[in-house]
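Trainee: turn this into a structure:
(chains A and B)
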Protein chains: 2
Amino acid sequence: MPESPDAYPVSERNKVRRLHERGRYDRESVHAILDAAMVAHIAYVIDGQPYCTPTAFWREGEHLYWHGSSASRMLRSQRGGLPVCLTVTHLDSLVLARCGFNHSVDYRSAMCFGTAQIIDDPAEKTRALDAMIDRFYPDRNATLRPSTAQELKATTVIGMAIEQASGKIRNKGVGDEEEDYALPIYAARVPVRTVIGAAEPCPRMPAGVPYPEGLAGFTPGRRLDELMLENQRKKYGAE
Amino acid sequence: MPESPDAYPVSERNKVRRLHERGRYDRESVHAILDAAMVAHIAYVIDGQPYCTPTAFWREGEHLYWHGSSASRMLRSQRGGLPVCLTVTHLDSLVLARCGFNHSVDYRSAMCFGTAQIIDDPAEKTRALDAMIDRFYPDRNATLRPSTAQELKATTVIGMAIEQASGKIRNKGVGDEEEDYALPIYAARVPVRTVIGAAEPCPRMPAGVPYPEGLAGFTPGRRLDELMLENQRKKYGAE
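Mentor: Below is the predicted model:
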């Protein structure tokens, strides 16, 4: 694949190996997978031992941000930053085929490689945390009780530039061997969706607090991936 | 925590650091989180670089199994096995609090540490793959066209014993500072559910293929975590 400003550089690190026809390296495809998610899994290494930690994360251009994790202590002691792989996965369907081998799932996943750094500058940290709230919940930050210095101090924010990334998408439902289609075996695609339910207001709210306009998109039954993508665009604009 | 056959041994590796009151080390809690999932993220290290790969996985007692991944090549070259961390996460709700600091999510996650090995023995590999199908889809394997030798060869099965593990659970909804509850700020818990939809039968099935009895639990709108837990128990019994 030629070098292109629209695509991530490909090397052994981010090349899709298994079922490489599912691979995507263009920024648009990778961003769409990232932006539809709230939770990522982050792999990092401490003393040769791999760890995989789930965390809420978000994207700003070619930067990813997330909250403190057990890697924070390691990060503090390591000046140059910590190599990580941040992965997002959406499970879209279960695929029941006519033989075991062709059972599968439809999915969208993205792997991002970079070097994680703690964001220590108080102004940048405050900006990032405010952005996180508004990225997930449009216009919410202005309605909140402002953070205290102590809260800010107790929060670790980690960021990284995406050095390389790849996406992987399967979206074809049942795919069987040609000679198997005639067999009297049940085969189907079962869709999977992650959705939100009706908001359960905190019972300790004083009377008369209105439902925020910024949360108008949070309708019961809404797909979380579509909502997250919409909210990302409200905060950062369409690409 | 005292050593106990009902709990995983705790060391620096699996101790829950941040918000340690959410930690669980008993096997029952960890198993329940694992068994409710179909997809895990696996962290491993190649030449110092961490990777995080999503994969379908399942549990048999204190063993975890999954499909080939880009680590397979590494695994083949490494006789003693590859240290991995397998992590499962269920996002249960979004928590909108009265200040940024108390925004959170309810979730259940489990991290499992072990040494991954390729399962090369053909009989054990066949048994594992048949078990995988039936673990996700009760009694399905007997209804399928049997695997060919070539299909079996093209599939990599990886297994590991759980050496250590920890669970982490947040399930409290909104938790604000006592003095903030009176503020006129909207706060709520928004439930998140991953559900299945109605099966979309393959249009190339011959007429008259019945819906399999084993899939009776796959009702539209069913929570995937509950279904996976139920199917695990159908295959392996309750603990």
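Trainee: how far does stretch A:167-178 stretch from start to finish?
Mentor: Using CA to CA, to the nearest Å, the end-to-end distance of stretch A:167-178 comes to 28 Å.
Trainee: does that stretch come close to chain B?
Mentor: Yes. Stretch A:167-178 comes into contact with chain B (CB under 8 Å from any CB of the partner chain), by way of A:173, A:174, A:176. C-beta: built from backbone N, CA, C; applies to glycine.
Trainee: and for the nearest residue to residue A:25 once chain neighbours are set aside, the neighbour number?
Mentor: The shortest distance from residue A:25 to any non-neighbouring residue, by CB to CB, 6 or more residues apart in numbering or on different chains, is to residue A:7 (4.7 Å). Neighbourhood size, residue A:7 [other CB atoms under 10 Å in any protein chain shown]: 18.
Trainee: which residues does residue A:7 form beta bridges with?
Mentor: residue A:26 (DSSP bridges).
Trainee: now the helices for chain A?
Mentor: Shown for chain A, the helices assigned by DSSP state H span residues A:27-35, A:72-77, A:122-136, A:149-154, A:224-236.
Trainee: okay, the angle between the first one and helix A:122-136?
Mentor: For the pair helix A:27-35 and helix A:122-136, the angle between their directions (axes from the mean of the first three to the mean of the last three CA atoms, to 10 degrees) equals 90 degrees.
Trainee: pull out the buried residues from helix A:27-35.
Mentor: For helix A:27-35, a neighbour-count test (16 or more other CB atoms under 10 Å in any protein chain shown) marks A:27, A:29, A:30, A:31, A:32, A:33, A:34, A:35 as buried.
Trainee: mind listing what the closest residue in space to residue A:111 that isn't next to it in sequence touches?
Mentor: Sequence neighbours aside, residue A:87 is the residue nearest to residue A:111 in space, at 4.9 Å (criterion: CB to CB, 6+ apart). Listed by CB atoms under 8 Å, 6 or more residues apart in numbering or on different chains, the contact set of residue A:87 reads A:40, A:41, A:42, A:43, A:109, A:110, A:111, A:112, B:41, B:52, B:53, B:54.
Trainee: mind running it again at 7 Å?
Mentor: A:40, A:41, A:109, A:110, A:111, B:41, B:52, B:54 (CB atoms under 7 Å, 6 or more residues apart in numbering or on different chains).
Trainee: write a PyMOL command that selects only the buried members of the residues you listed.
Mentor: Buried subset of the contacts of residue A:87, written as a PyMOL selection, criterion 16+ other CB under 10 Å:
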select buried, (chain A and resi 40+41+109+110+111) or (chain B and resi 41+52+54)
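Trainee: need the contacts of residue A:87 in CSV (columns: pLDDT).
Mentor: Shown next, in CSV, are the contacts of residue A:87 (pLDDT from 0 to 100):
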residue, pLDDT
A:40, 97
A:41, 97
A:109, 97
A:110, 98
A:111, 97
B:41, 97
B:52, 96
B:54, 95
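Trainee: could I get the contacts of residue A:87 as TSV with distance to residue A:213?
Mentor: Compiled in TSV, those are given as follows (distance: CB to CB, whole Å):
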residue	distance to residue A:213
A:40	29
A:41	33
A:109	34
A:110	31
A:111	36
B:41	36
B:52	37
B:54	36
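Trainee: quick check: the farthest pair among the contacts of residue A:87?
Mentor: A:110 and B:41 (12.2 Å; CB to CB).
Trainee: contacts for stretch A:144-158, please.
Mentor: With CB under 7 Å, 6+ apart as the test, stretch A:144-158 has contacts from A:65-68, A:72, A:75, A:116-119, A:122, A:125-126, A:128-129, B:98-101, B:180, B:183, B:185.
Trainee: can you tell me which of the residues you listed are buried?
Mentor: Neighbour counting with 16+ other CB under 10 Å marks A:65-68, A:72, A:75, A:116-119, A:125-126, A:128-129, B:98-101, B:180, B:183, B:185 as buried within those.
Trainee: helix or strand with the lowest mean pLDDT in chain A?
Mentor: helix A:72-77 (a mean of 70; mean pLDDT, DSSP states H and E).
Trainee: in the sheet, who's paired with the closest residue to residue A:40 other than its chain neighbours?
Mentor: With sequence-adjacent residues excluded and distances taken as CB to CB, 6+ apart, residue A:40 is closest to residue A:57, at 4.4 Å. Assessed by DSSP bridges, residue A:57 has beta-bridge partners residue A:66.
Trainee: how many neighbouring residues does residue A:57 have?
Mentor: 24.
Trainee: with residue A:170 instead?
Mentor: Using other CB under 10 Å as the criterion, the residues surrounding residue A:170 number 18.
Trainee: list the contacts of the closest residue to it other than its chain neighbours.
Mentor: Closest residue to residue A:170 apart from its sequence neighbours, by CB to CB, 6+ apart: residue A:106 at 5.1 Å. By CB under 7 Å, 6+ apart, residue A:106 lies in contact with A:92, A:93, A:95, A:170, A:171, A:173.
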